Structures are given as structure tokens and as C-alpha cells.
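Undergrad: Pasting a predicted model and its sequence here:
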Amino acid sequence: MYMTKLLAECIADRVFDAVPVEVRNKALCCLFDAATCALAGKFATGSTSARLVATRIFGPGNAPLWFSDRRLSTTGAAFANSASVCALDFDDGHRAARGHPGAAVIPAVLAAYTDSAIDPDQLVAAIVAGYEIAIRIAAAQNPENIKSRQSGLWAGYGAVAAAGSIRRTGRDHLAHALAISGVWAPNQAANGSSGYSMLTGNHAKEGIPWSVLTGLTALELAEKGFTGPEDILDHASHFDRDRIESGLGMIWEILGTYFKPYSCCRYIHPAIDATLDLMQSRGLQPEDVLSIEVHTFQWARRLQNKVGPKNLVEAQYSLPFCLAAAVRHGACALAPIDEQLLDDREVCSLAGAVTLTIDDQIDQKFPAETLARVTLTAPSGDITSTTAMPRGDAGRPMLWDELKEKFRQVCRGKISAVREDVFDRAIDHLKSGDPLPFLQEISADL
């Protein structure tokens, strides 16, 4: 049986409906975090541009643009909301996938409910289906022939799975929708640290919003009889079939999803955490840090790493700059990152005193783990940290209270105290398993 057909059967046969409590809770955390990231990115240039273009190209409809009173077509809203979620690189990720499932799956799920009432159990099942299928396909990619590691290559599969679960799309149509989405996915060959372009600080980034659009369009096309190559996942030259199928419906990949305390590339996070932990343990003040040597993995050094980024996207991909911002102003400076940092002379000065060194042992553990060790030069001499994993990983998870604090940090200056209280109550309902009040709040104007 073609893998697209097997995955389609899992969705159509409701394999993802009956999940353990921990999986359900994780799905609701993913929903919460995606909304938080969308609010953080709402006014970023990439997000505002996407909303304007989506309004003009895709037209009006009933699907909400989050945190506004505007409504667009299903695909238009999903595209624009996805752009907001991933605008600041604050969104969730998965080590095996080496990318970001939530920025695709969550907008696709909520847009698919445009013309139907939301059933909480069905909502969770759709989120789980999207994460499981997207992550497994991403992890199964053969790097010999799929050179780019960008999320846009595989995120559309998650959009198809999630929206198809809600729409109760038939298995044959689902199989073709997965195939169409895979063929039409943005190729991403140029962009990101795995692309050939050196200019990674641009809004095209990982192509996630376009992959959402592609996935939802593929689903509608397939439902009208449009076809794709159903054997797309059945060639060892490009995909490891066993990696997709093994443990499907029993081993839950969504549980490996990490959340991000800082709005920058995940490859930067372990260096930030190692540095802040060392400063705290040694009682160092920001001005005590004179220079930093970061011992890290190859892919972190392949980021653009501009010492003086010109915009927020360039900043998201600069380890020296983000590390310097965290040292000079604390973790809150990156939760989320702010344009005012770009003109901060102290940050730029320290960024110029950050050096990156490849550590073979750390490099060998990538991509299963993203680790770093730092050596700080202070007035008293050099101090070296232990090897650190980033906050949010399975071994150092961000739990519900930390996700709620992330939301509160994002809210500051954006909503009134009264509205924040309303959100607090809605978030409590979400935590207890009732997402409806929270979804009502994110679908209304701030």
C-alpha cells in the first residue's frame, strides 16, 4: 500500500481520536503557544504584509484573522495567521523534524472550522493528526536527495492531515491531497541555513505560510477529483518509509515538540541558556561580561550571524546578536525581540566580542540534541559553563505556567488589564480541556 494511502486511512479511520491524556494536554499547549506567537508577531513586517496581501488576493470570508475583528476566506486566514505565528521565530519546533509544525497545523485546524461548530475532541484529534504526520514525514527525509531542511517542504502534509480530519475527507481524496501538497510544496532550495543563499535574514524564511496555503488548496482540489502521485513517499532515495510508519498511533511524536522562550532560531537557544545560567550561578552582572566564546555545532555557525543586523529577521538568525541582547538586557529582551535592540550600541558591541567554535562532541549529537557550552571573559578571568540543553526541550520542558508567563510577556503593552483578566480565565478553561472561550478571545479584536 502506498504510504499516502496508509496515512489517509489513519486519518479517515480516526486513529488519532483516542489519545492518552498527556497527548491531549500537549495538543492544547501547542494551540496555546501558537496563539501566543501569533500575537507576538502580529505587527512584524512579514505578518502585516501577509495580512494585506491575503485580504486582496484571497478575499473575504468567515475565517477569523486572529486578534482582530476581520474575516477572510479559509485559505486567506490560514495563510495570514501562519505568517503571524512564525514571524518572530518564537513558534514551537521538533528536533526529529528539524522545523516548526505548529505554525502550519494550528492555523490550518482553526481555519477548517470556518463553517462548522468546534468540537473539542475533534479539535484535539485534528491537531494530533497534523503533528504526527508532518513530523514523521519530516524526520523520514533522506538528506542525500532532499538537501534543504526547511519546514515548508513538509508542513503542508500537516495542514492536509489536520484539515482533512475536521472535514471528514474520504481516504482516497486524502491520499491524493497529501501527494499534491508534497509536489507543490515550496522547494526552499535557496533559503535558510541549509540553502545556498547566504542572505538568510528575509521574510521568505522557511516557507511555512505558503505550505499551509498549498496544503489546504491541495485538499480542496483532491476533493474535486484532482490527483497527485500517491507513491511520493515510497522511494528510499527520498524517504525512509519505516520512519513514517513505525509506531504510528502508538508512539506520539507530538510529545517531543519543544516550545521556545526566546524569539530567535533554536540553534541559538542553548548558548543563551548556558550563558544566563552561568551568570546567575556566578553572580555576574551584565557589564561584567567582556567577551563570549560559544562552543556549538556546525549548523549554528551556518546561520547568517550578523553582528549588526538591520532588521528583526536578520536578528533572529544571529547567534552573536541575540546572545549579546540576552546578556545586556536579560531573557525578556528576546521574549519577544524588539526592533529597538537593533540600535542598541551595547548589544552590538558585545555581539562583536562573541566567537563561535565547533565542538566535535556537541556536533555529533546534533540534530537529536542542540547543545552549547560557553566561556565568558569577565574582569576576574575566564569562566566556562557546563554543556547546556535549551529550555523547552523534553529534558528541560516549558510547562503550562511557563507558557502562560510567555503569553503575559507578549501581552504587555498590547491589551488592557481587563482584557488580560478575560484571557486568564479563557486560558484556565483551555488548560482544563475546554478550548472554546480561548478560541473566542483570539478571534476578536484586541
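TA: Cool, got the structure.

Undergrad: Convert the helix or strand Phe423 falls within to CSV, retaining C-alpha atoms only.
TA: Per DSSP states H and E, Phe423 falls inside helix 417-431. What follows is helix 417-431, C-alpha atoms only, in CSV (Å, rounded to 0.1, in the frame of the first residue of the first chain):
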residue,chain,number,x,y,z
ALA,A,417,-5.7,44.8,32.2
VAL,A,418,-9.4,44.0,31.9
ARG,A,419,-8.9,42.1,28.7
GLU,A,420,-5.9,40.3,30.2
ASP,A,421,-8.1,39.1,33.0
VAL,A,422,-10.6,37.8,30.4
PHE,A,423,-7.8,35.9,28.7
ASP,A,424,-6.6,34.5,32.0
ARG,A,425,-10.0,32.9,32.6
ALA,A,426,-10.1,31.6,29.0
ILE,A,427,-6.6,30.1,29.4
ASP,A,428,-7.7,28.3,32.5
HIS,A,429,-10.6,26.8,30.6
LEU,A,430,-8.2,25.8,27.9
LYS,A,431,-5.9,24.1,30.4
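
Undergrad: Would you mind listing the buried residues in the helix or strand following it?
TA: Downstream of helix 417-431, the first helix or strand assigned by DSSP H and E is helix 436-442. For helix 436-442, the neighbour count (16 or more other Cβ atoms under 10 Å) marks 438-439, 441-442 as buried. Heads up, the C-betas are built off the backbone N, CA and C, glycines and all.

Undergrad: ok, now stretch 336-345?
TA: For stretch 336-345, the buried set under the neighbour-count rule, 16+ other Cβ under 10 Å, comprises 336-338, 341-342, 344.

Undergrad: quick one on the thing from earlier: show me which residues of the helix holding Phe423 are buried.
TA: Buried-residue list, helix 417-431, by 16+ other Cβ under 10 Å: 423, 426-427, 430-431.

Undergrad: show me where the stretch 151-300 of the chain has strands.
TA: Counting by DSSP state E, counting those that start in this stretch, the segments of the stretch 151-300 of the chain that form strands are 257-258, 291-296.

Undergrad: mind putting these in TSV, mean pLDDT included?
TA: What follows is those, written out as TSV (pLDDT from 0 to 100):
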stretch	mean pLDDT
strand 257-258	97
strand 291-296	98
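
Undergrad: all strands for the stretch 301-446 of the chain, in order.
TA: 354-358, 373-378, 381-384.

Undergrad: can you list contacts of the longest one?
TA: The contact list for strand 373-378, computed with Cβ atoms under 8 Å, 6 or more residues apart in numbering, reads 271, 274-275, 278-279, 282, 284, 288-295, 359, 362, 382-388.

Undergrad: So what are the sheet partners of that strand and their directions?
TA: strand 291-296 (antiparallel), strand 381-384 (antiparallel) (DSSP bridges).

Undergrad: Most tightly packed of the ones you listed?
TA: Of all these, strand 291-296 has the most neighbours on average by mean count of other Cβ atoms under 10 Å, namely a mean of 22.

Undergrad: Other residues contacting that one?
TA: 267, 270-271, 275, 300, 319, 323-324, 327, 350, 353-359, 362, 371-377.

Undergrad: relative to strand 354-358, how tilted is that strand?
TA: Following axes from the mean of the first three to the mean of the last three Cα atoms, to 10 degrees, one obtains 20 degrees for the angle between strand 291-296 and strand 354-358.

Undergrad: then strand 291-296 to CSV, C-alphas only?
TA: The C-alpha trace of strand 291-296 is given here as CSV (Å, rounded to 0.1, in the frame of the first residue of the first chain):
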residue,chain,number,x,y,z
SER,A,291,33.5,38.6,25.6
ILE,A,292,32.0,35.2,25.0
GLU,A,293,33.3,32.1,23.2
VAL,A,294,30.5,29.7,22.2
HIS,A,295,31.3,26.0,21.7
THR,A,296,28.5,24.8,19.5
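
Undergrad: Helix or strand: which one has Cys10?
TA: helix 3-12.

Undergrad: quick one: whichever helix or strand comes after that helix to helix 417-431, angle?
TA: Next in sequence after helix 3-12, counting helices and strands by DSSP H and E, comes helix 21-41. Orientation of helix 21-41 against helix 417-431 (the same axes, to 10 degrees) gives an angle of 150 degrees.

Undergrad: mind checking how far helix 21-41 is from the chain centre?
TA: Put simply, helix 21-41 sits 11 Å off its chain's centre (Cα atoms, centre = their mean, to the nearest Å).
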